[in-house]
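sequence and predicted structure, then a few things I'm wondering about:
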Amino acid sequence: MAWSSGGVAATMAAALVAALVALAGRASASPAEGIQPLSKIAVHKATVEIQSSAFVEATPSLLGEQGEDTEWVTVKYGWTDPSDDDWIGVFSPSEFNSSATCPNPWPAEEPYLCTAPIKYQFANYSENYIFWGKGSIRLQLINQRSDFSFALFTGGLDNPKLIAVSEPIAFKNPKAPVFPRLAQGKSHDEMTVTWTSGYDISEAYPFVEWGALLVAAAGAAAPPQQTTRAPAGTLTFNQGSMCGEPARTVGWRDPGFIHTAFLRDLWPNKEYYYRIGHELHDGSVVWGKPYSFRAPPSPGQKSLQRIIVFGDMGKAERDGSNEYAAYQPGSLNTTDALISDLDNYDIVFHIGDMPYANGYISQWDQFTAQVAPITARKPYMVASGNHERDWPDTAAFWDVEDSGGECGVPAETYYYYPAENRANFWYKVDYGMFRFCVADSEHDWRIGTPQYEFIEHCLSTVDRKHQPWLIFATHRVLGYSSNAWYAGEGSFEEPEGRENLQRLWQKYRVDIAYFGHVHNYERTCPMYQCMTSEKSHYSGTMNGTIFVVAGGGGCHLSSYTTAIPKWSIYRDHDFGFTKLTAFNHSSLLFEYMKSSDGKVYDSFTIHRDYRDVLRCVHDSCFPTTLAT
């Protein structure tokens, strides 16, 4: 590449309610605000001022020679006038100001850039850069379907001037299938596999090779003698699918192709082998790595069932790049804690705010790579958060710009979830003795809406004899939180949250309601009325729902109000996640663990028989009378 310088309103009340909700949304996008690191770069102001004394070199030039999808690169750079605010940007594709990258450039008299890097690091991250005018850093790259170049900028992030660009480097097969993501299908005997590649359906046929693992004499799993191939569907999205900046402008990057295959008629709890692949037109196959998973238990089945729940994790870079003001400081700790404990849980629920890409589409690839050791082995169920969905005038419930113009499109494409309509991010999951009703707090949930009808149907149709553990989950706090921002609003909740849903939770005797959005951990007593002084063990008649905020997955933490409400049992201002363990139909263990050490810091147990669920408590039964 050559570079050179140069109708009629329904009612007044309804209108007032809508205005109040919109106002609440505008007041704060989140109880804990943050800044996407890439958004600090003033790409619109960047100019090209190549300096003869400046250089950038990256080695090795060929990555993934043995099929690796992640590689470390050494970048050397320097020039004669080093500054504290010089920085290195990683761009992909390597020609980051070409007509292909900038289809609709904005007017500029000087040479300009129109795309953000996929990551960056300050040049003085290398020791003695200012003294010697030379530096060297190591950066981690993932296979993202295109080549890479490295650029040296001066002028800081606010007034960047491009002074040197490296020769491009690339993975051996940039189009290779990578980062499989398991999710439970619409039925208990169906597993879905989703992955990303550079192969359009016109170039290759995507599929999953899979089969049941055999049990060897010693009890270890052996490779399957027979396998079958499940075809995969292919989706993608384009720049026109985005709703605003930066997703439509400097944050745009081609997402490649996202493929999903359905593995059906699984035997409950059986181990299966699988491998993603693409059959080229000449009959050869480009393979991904082999993995295995355990099929879900059938609804009501008694077995040991262990479930992880958290929200708001975000992504971070293992090479130290992209980190600004500790945006997501606990992300890797949570990821690594879950990777190290893979054998001790069965399914994961990430209840919203996944990578916090905020319109920088490259970050979705980065996130799928970060969690791939988990998602390739365990079903990874996701929920919609404000940083995935919210954008003005797009039918979101909140009139805020938290998604950076994504308006839900990447989240709804990169991950599979068993919704009837993928644009409506609500669904149910039956997992053995559990039923999960996953709602979408970014769409209207109030009485009379389609989502309210879904929530009631999900809660009311579970057979509590066989699935005694009923869990509600959504992103924003529709129940209770003593977060300082909520306390300042005098609500301890999102507007109109529990006012519309509390009777449903009580009527159908929801055991636990989970929320994220607030970046900390908090547990309440069984709420409707706190009928007991017990804090660690609950048994007998179910009197109310326990509310849990599990939003400490990794993004910068939220503060509490100083006054502790009487319903708040345990609070922790740290990063962590929760785990549910069902031993049988009457015993459930809840645990909260810190990401830093994986140890349990809060827990409680529930022991309850079926008749304890049937018993009427306040607002849970219709009035009855004796026959005469």
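Looks like it came in fine.

SS state for the closest residue to D265 other than its chain neighbours?
Closest residue to D265 apart from its sequence neighbours, by Cβ to Cβ, 6 or more residues apart in numbering: D189 at 5.8 Å. For glycine as for every other residue, the C-beta is placed from the backbone atoms N, C-alpha and C. Under the three-state scheme (DSSP: H, G, I helix; E, B strand; the rest coil), D189 adopts coil.

need the contact list for D189.
For D189, the contact set (Cβ atoms under 8 Å, 6 or more residues apart in numbering) comprises R264, D265, L266, W267, P268, A295, P296, S298.

let's go with 7 Å and repeat that
Applying Cβ atoms under 7 Å, 6 or more residues apart in numbering, we find D189 in contact with R264, D265, L266.

tell me the secondary structure at W364.
W364 - assigned by three-state DSSP - is helix.

burial of the nearest residue to it once chain neighbours are set aside, as a residue count?
Nearest residue to W364 in three dimensions, chain neighbours excluded: P410, at 5.0 Å (Cβ to Cβ, 6+ apart). Counted with other Cβ atoms under 10 Å, residues neighbouring P410 total 26.

gap between P410 and V165?
Between P410 and V165 the computed distance is 28 Å (Cβ to Cβ, to the nearest Å).

the residue nearest to W364 sits in which helix or strand?
Secondary structure assigned from DSSP states H and E places P410 in helix 409-414.

let me know the average pLDDT across that helix.
Across helix 409-414, pLDDT averages out at 98.

the helix or strand following that helix - contacts with which helices or strands?
The helix or strand immediately downstream of helix 409-414 is strand 427-431, counting by DSSP H and E. On a contact count with 3 or more Cβ pairs under 7 Å, 6 or more residues apart in numbering; DSSP states H and E, strand 427-431 meets strand 434-438.

could you give the separation of the strand it packs on from the chain centroid?
Here the centre of strand 434-438 is set off from its chain's centre by 18 Å, with Cα atoms, centre = their mean, to the nearest Å.

what angle separates it from strand 427-431?
With axes from the mean of the first three to the mean of the last three Cα atoms, to 10 degrees defining the directions, strand 434-438 sits at 170 degrees from strand 427-431.

can you list contacts of strand 434-438?
305, 307, 349, 381, 383, 426-429, 455, 458-459, 462, 467, 469-474, 582.

list only buried entries from these.
Buried subset of these (neighbour count, 16 or more other Cβ atoms under 10 Å): 305, 307, 349, 381, 383, 426-429, 455, 458-459, 462, 467, 469-474, 582.

returning to that earlier point: any chance you could give me the helix holding P410 in PDB, C-alpha atoms only?
Taking Å, rounded to 0.1, in the frame of the first residue of the first chain, the C-alpha atoms of helix 409-414 are listed here in PDB:
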ATOM      1  CA  VAL A 409     -27.600  -7.200  15.400                       C
ATOM      2  CA  PRO A 410     -24.200  -8.700  16.400                       C
ATOM      3  CA  ALA A 411     -25.400 -10.300  19.600                       C
ATOM      4  CA  GLU A 412     -28.400 -11.800  17.800                       C
ATOM      5  CA  THR A 413     -26.100 -13.200  15.000                       C
ATOM      6  CA  TYR A 414     -22.900 -14.300  16.800                       C
END
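
R229 versus E279, what's the distance?
Counting by Cβ to Cβ - E279 and R229 are separated by 9 Å.

show me whatever sits in contact with both of the two.
Taking Cβ under 7 Å, 6+ apart as the contact rule, E279 and R229 both touch F207.

grab the nearest non-local neighbour of the residue nearest the centre of the chain.
With distances taken as Cα atoms, centre = their mean, M354 lies nearest the centre of the chain, 2.3 Å away. Nearest residue to M354, sequence neighbours excluded (Cβ to Cβ, 6+ apart): F367, at 5.9 Å.

just checking, A123 touches G78?
No. Here A123 does not reach G78: they are 8.4 Å apart, not a contact under Cβ atoms under 7 Å.

and stretch 473-487, how far from the chain's centre?
19 Å.

span of it from start to end?
End-to-end span of stretch 473-487 (Cα to Cα, to the nearest Å): 22 Å.

same check on stretch 461-471?
Length of stretch 461-471, first residue to last, Cα to Cα: 13 Å.

one more: stretch 120-128?
Note: stretch 120-128 ends 19 Å apart using Cα to Cα.

before we move on, what about stretch 163-178?
End-to-end distance for stretch 163-178, by Cα to Cα: 34 Å.

which residues of the stretch 251-400 of the chain score low on pLDDT?
Judged by pLDDT under 70, the stretch 251-400 of the chain has its weakly predicted residues at 324-325.

now do 80
Across the stretch 251-400 of the chain, the ranges flagged by pLDDT under 80 are 323-326.

how about the strands in it?
Assigned by DSSP state E, counting those that start in this stretch, the stretch 251-400 of the chain shows strands spanning 257-263, 271-280, 285-294, 305-310, 347-350, 380-382.

which one of these lies closest to F148?
strand 257-263 (19.7 Å; Cβ to Cβ).

list the pairing partners of that closest one within its sheet, with orientation.
According to DSSP bridges, strand 257-263 forms sheet pairs with strand 191-197 (antiparallel), strand 228-235 (antiparallel).

format those strands as a markdown table; extra columns: distance to K315, mean pLDDT and mean neighbour count.
Shown next, in a markdown table, are those (distance: least, Cβ to Cβ, whole Å; pLDDT from 0 to 100; neighbours: other Cβ atoms under 10 Å):
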| stretch | distance to K315 | mean pLDDT | mean neighbour count |
| --- | --- | --- | --- |
| strand 191-197 | 15 | 98 | 26 |
| strand 228-235 | 22 | 98 | 16 |
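
what's the closest of the ones you listed to E522?
Per Cβ to Cβ, nearest to E522 of these: strand 191-197, 32.4 Å.

how far away is the closest residue to E65 other than its chain neighbours from L63?
Excluding its sequence neighbours, the residue lying closest to E65 (Cβ to Cβ, 6+ apart) is K172, at 5.5 Å. Here K172 is placed at a distance of 7 Å from L63 (Cβ to Cβ).

my guess is K465 contacts R611. True?
No. Between K465 and R611 there is no contact under Cβ under 7 Å: 10.3 Å.

what residues sit buried inside stretch 54-66?
Neighbour count says stretch 54-66 has A54, F55, V56, E57, A58, L63, G64 buried, by 16+ other Cβ under 10 Å.

average pLDDT for the helix or strand hosting the fifth one?
A58 belongs to strand 55-59 when assigned by DSSP H and E. Averaging the model's pLDDT scores along strand 55-59 yields 98.
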